Structures are given as C-alpha cells and as structure tokens.
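Engineer: Quick check, what structure comes out for this input:
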Amino acid sequence: MRKANTPEIKAEPNSFDEWVAVLSDHKMPIFFNTAQRIHSIMNDDKKGAMELASAILQDPNLTVKLLKMSNSAYYNPSRQKMITVSRAIVNLGSEIIREITLLCSFLESIQSSTNKDRATEEIAQAVHAAFQAKALAAATHDTSPEEVFIAALLNTIGKIAFWCFCGEQGERIQALVSQSAYTREQAEKTVLGFKLSDLCAPLSKAWKLGGLIEEAVEKYPLSRNPRVDLVHLGYDITEALSAGSGSKKYDACVKKVVALTKQPEKAVMERVAGQQELAANIVRQFGVGDPTTFAEKDSNPVEPVAGLPPVADKRQLQFQIAQEITMIINDKLDINLLFETVLEGINRGIGMDRVVFALLAADRQSLYEKLSIGWRKNICDKIVFSVLSSPPNLFFQSVAGSHACWYKPSTDVTLYSVYDVNVIGRAECFIMPIFSNNKPTGIIYADRGIHHQTLTDEDFNGFKYFTQQANIGLSIYRMQKTS
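Structural biologist: Below you'll find the predicted structure:
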C-alpha cells in the first residue's frame with residue numbers, strides 16, 4: 001500500500017523525457033528541500049553559520065540525526081560533546097556539517113519510497129561509494145574531500161529517484177532480473193527503453209545540484225577531471241567488494257587504488273575494509289538494515305556508531321543547552337554563537353515553533369530579523385516587526401519595557417495590530433527586549449504559531465531564563481570590547 005506522505009504518480013510515464021519531467025517535478029521532498037537550502041547558504045558569501053544552523057533546525061528530525069552523527073567517533077574523534085547545531089558547526093566546520101546534513105536527509109528520503117527495498121540498496125551503495133571516494137580524496141590530498149563525498153553520494157540520484165516513485169514498471173524490471181535472464185541494465189532497457197543511470201544528468205541539472213556533482217554524472221564530459229575519477233572509483237570499489245576479495249575485479253581495483261594513492265597494498269585493503277564497515281554502520285543507524293552492498297563483512301560484528309544519549313525530556317535538554325551557554329559566556333565570548341544557542345534552546349529546549357532575534361533599525365521604527373528558527377518562509381525573506389507607537393502594538397510595548405512579556409490574543413487584543421497579525425497571526429507569544437548599554441537594541445520573540453499548543457508558566461520561565469542569558473552575555477561582550 002502506498003504511504004500517505006508519498007508523492008503519487010497517477011499514470012506512469014512512457015518515455016525517458018516523461019520520466020525526467022515527472023521526477024523533476026516530484027523530487028524527493030526531504031532531501032531536495034534540504035539540499036536546496038544548504039546549497040543556497042553555502043554559495044552565498046553573505047550567509048554564514050547562523051543561516052546554516054537555522055536551515056537545519058527547520059526540521060527537528062534532521063536536527064536529532066545530525067547531532068547524533070556529529071557526535072559519532074568518525075566525525076568527532078576528540079569526543080567533544082555537541083548538544084546544539086550551532087556548536088556542531090563551530091567544532092566541525094560548515095563543509096562537514098553540509099556533508100552530514102545531506103547524508104542524513106538522503107537516508108531519510110527513502111522512508112516513504114514505494115519500492116523501499118530497491119531504493120535501500122541503491123542508497124546504501126551510494127553511501128558506501130561516498131565514504132570510499134572521500135577516503136581516496138583524503139589520501140590524494142584533495143582540497144575538499146567533503147565535496148567529493150557529496151558528488152559520490154548523489155552520483156546515482158536518478159536511479160534512487162526512480163525507485164522512490166515507480167510502480168508497475170519497477171515491478172517488471174525486478175521480475176526480469178529475478179529470472180536471471182537479464183542483467184539489471186538489460187531489464188531497465190527492456191521495460192523503459194533506457195538505463196536508469198541516464199536519468200542522473202538531466203535530474204542533476206533540473207535540481208541545480210551544480211559543481212562536481214553535475215560533472216560526475218555527465219556521460220560525455222568536455223574535459224577529464226581527476227576529481228570525477230575519484231567519484232567513479234568509489235563505486236568501482238563497492239562493486240569489487242561485492243565481487244569478493246579473491247575476485248579479479250577486486251584485485252584490479254586494489255592495484256588501481258595503490259597506483260593512485262602510492263600507498264602499500266596492505267594499507268589500501270585495510271582502508272577499503274574500514275570504509276565499508278563505517279558505511280554499513282551508518283546506514284544501519286538509520287534503520288536501513290543490512291543491504292547486499294555490504295554483503296562481504298568481517299565475521300566480527302562492528303559496534304554501532306555512538307551518538308548522543310537520548311534526551312529524556314525538555315528539562316534535560318534545557319539543562320544541557322544552559323550549560324553550553326554558560327561555557328560560551330565564560331570562554332572567549334562569541335556573540336553570534338551565544339544568540340544562536342539561545343534561540344536553539346528556546347526552539348528545541350522549550351519546544352517553541354517559531355523564534356526570532358530581531359534588531360532595532362536606525363530610525364527605531366522597525367525590528368529586522370537577525371536570526372530566526374521555524375518560520376515557514378523563503379530563507380532570503382526577512383521578518384520585519386513594526387515598532388510604531390500608534391496604534392499601540394506588541395513590539396512597541398515590548399521595546400518600551402524592561403522585562404519579558406507573555407501576550408495572549410484573548411486578553412491583549414488591542415495590542416495585536418493589523419500589521420502584527422499579518423506577520424505572526426493571532427498567536428500567543430513571549431517577547432523579551434534585548435539591551436545594550438541599558439538601551440533597548442532588539443527583541444527575542446517566540447510562539448507556537450504552527451502547532452498552536454498552549455503555552456505554560458514552565459515555558460515562560462524557560463524563555464525568561466534563556467533570554468536573560470542573552471542579555472547577560474551581551475553585557476559581558478560589550479565590557480570585553482571596551483576594556
């Protein structure tokens with residue numbers, strides 16, 4: 001039975017062009033939306049860690065998976081505990097976080113697949129090839145192994161997209177292969193008239209994945225890029241391992257890697273086996289299981305990837321993030337990291353749907369978004385609040401005060417101006433003014449305007465604590481700057 005959240009293709013396409021058009025339109029929502037947001041941020045010099053953290057935090061499930069992966073032995077060998085996305089970005093760097101984010105969203109994308117087993121096999125192989133390609137890139141001193149990883153991960157995006165959405169045609173391909181009379185490519189051409197690998201280049205262009213990703217899927221590249229060879233060799237290794245360590249394919253592949261990396265054969269074989277185990281463990285962490293691409297494994301089971309211990313409740317997470325804020329304030333105070341962490345504490349720790357830190361404009365008539373989490377908007381659009389005194393409104397009232405306020409449409413109806421309602425709706429909300437030199441300089445706003453859950457005294461106390469830490473940190477930061 002098709003799952004409710006699976007995009008439905010009512011009538012299957014009958015040609016290559018129709019399949020490209022349909023898959024371009026349907027996309028893989030979880031992966032595609034994340035990839036587009038991250039790609040947009042990473043390619044904009046005006047955007048930084050704050051925007052990257054905000055984009056990731058839009059998806060609570062992705063946030064949890066990313067933090068677990070960030071705390072794994074592979075990505076975090078020093079075992080520095082990372083509770084927040086903001087801290088993970090600081091410790092690991094934006095490129096590594098991009099890699100982890102795309103990996104997590106990629107693995108998550110098969111959960112609604114119509115042909116989950118086949119999609120699982122394709123994604124498992126892609127993950128395996130990506131880790132092998134990244135290891136090769138590091139061994140050859142490539143300038144950005146993370147970029148090679150992502151290009152390998154997405155090298156079979158056309159195949160994966162097809163298996164996520166196909167119906168009867170996919171069943172016919174599987175039936176032909178199971179009869180052992182056809183290779184997989186022969187079965188694809190018999191049923192579809194083309195190979196699934198042919199979908200990769202046009203989909204990559206349609207989805208604007210760009211850079212090395214598009215170069216690696218080109219069937220007839222204009223020039224030879226050695227970094228593309230690393231991507232393809234990653235897949236060669238996965239196929240060689242499937243053939244077995246005593247096969248001709250395996251021996252030839254090992255010799256190729258030895259020649260490329262100038263490393264001893266034994267070291268190459270150990271590294272290849274290590275990356276295979278790593279990839280297998282990671283896909284198991286996401287409930288993908290034990291796919292055939294990892295068929296040849298060491299007889300000794302490998303320990304699962306370690307991550308953060310499960311958070312028992314919001315109070316525990318609030319406490320952990322509060323400790324993180326204390327460390328930021330007591331260390332060399334990074335004011336951007338402080339506000340990112342405060343907003344993350346309010347969003348994840350208290351469970352507020354939407355949070356924004358906004359600064360007063362020079363004319364003190366408006367508040368402009370500096371950082372936001374949870375707002376359903378284009379990442380380039382900025383939230384603007386009015387601070388005009390007439391008519392009286394929430395934000396003028398808040399900036400004129402000195403403490404946190406809890407506003408309710410039922411009792412504060414006159415403060416919800418038409419402009420305010422257009423921006424936030426009629427949501428119950430918390431607002432705290434932020435001060436610099438005892439003068440209001442901005443606000444932190446939070447609500448549950450998406451899920452409309454009731455706010456409580458406990459929520460308000462948590463909000464007051466986190467925003468007070470922001471004011472304390474800002475005061476200390478100013479003293480440090482003037483001393």
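Engineer: for the protein, what spans make up the strands?
Structural biologist: Shown for the chain, the strands assigned by DSSP state E span residues 354-360, 366-373, 384-386, 405-407, 429-436, 439-447.
Engineer: tell me the mean pLDDT for the last one?
Structural biologist: So the one you mean is strand 439-447. If you average the pLDDT over strand 439-447, you get 95.
Engineer: Show me what it is packed against.
Structural biologist: The contact analysis (3 or more Cβ pairs under 8 Å, 6 or more residues apart in numbering; DSSP states H and E) places strand 439-447 against strand 354-360, strand 366-373, helix 394-400, strand 429-436, helix 457-482. Placement of C-beta: from N, CA and C, glycine included.
Engineer: buried stuff in it?
Structural biologist: Judged by neighbour count using 16 or more other Cβ atoms under 10 Å, the buried positions of strand 439-447 are 440-447.
Engineer: Can you tell me the strand partners of it and which way each runs?
Structural biologist: The sheet places strand 439-447 alongside strand 354-360 (antiparallel), strand 429-436 (antiparallel), with pairing taken from DSSP bridges.
Engineer: so how far is it off the chain centroid?
Structural biologist: From the chain centre to the centre of strand 439-447 is a distance of 28 Å (Cα atoms, centre = their mean, to the nearest Å).
Engineer: Show the low-confidence segments of the stretch 251-400 of the chain, by residue range.
Structural biologist: Residues of the stretch 251-400 of the chain that meet the criterion pLDDT under 70 lie in 287-312, 379.
Engineer: repeat that with 90
Structural biologist: Segments of the stretch 251-400 of the chain classed as low confidence (criterion: pLDDT under 90) are 278-316, 330-333, 363, 374-382, 388-392.
Engineer: repeat for the stretch 1-150 of the chain
Structural biologist: In the prediction, the stretch 1-150 of the chain carries residues with pLDDT under 90 at positions 1-14, 21-66, 68-69, 72-81, 94-95, 98-99, 101-124.
Engineer: List the contacts of residue 253.
Structural biologist: Residues touching residue 253, when contacts are defined by Cβ atoms under 8 Å, 6 or more residues apart in numbering, comprise 233, 236-237, 239-240.
Engineer: and of the residues you listed, the nearest to residue 326?
Structural biologist: residue 237 (45.8 Å; Cβ to Cβ).
Engineer: Got the domain ranges for this structure?
Structural biologist: The chain is divided into the following domains under automatic domain parsing: 16-294, 317-482.
Engineer: pLDDT wise, what is residue 194 at?
Structural biologist: At residue 194, the model reports a pLDDT of 94.
Engineer: so who does the closest residue to it other than its chain neighbours touch?
Structural biologist: Ranked by Cβ to Cβ, 6 or more residues apart in numbering and with sequence neighbours excluded, the top spatial neighbour of residue 194 is residue 16, at 4.6 Å. When contacts are counted by Cβ under 8 Å, 6+ apart, residue 16 touches 192-194, 198-199.
Engineer: mind checking how far residue 16 is from residue 185?
Structural biologist: Here residue 16 is placed at a distance of 14 Å from residue 185 (Cβ to Cβ, to the nearest Å).
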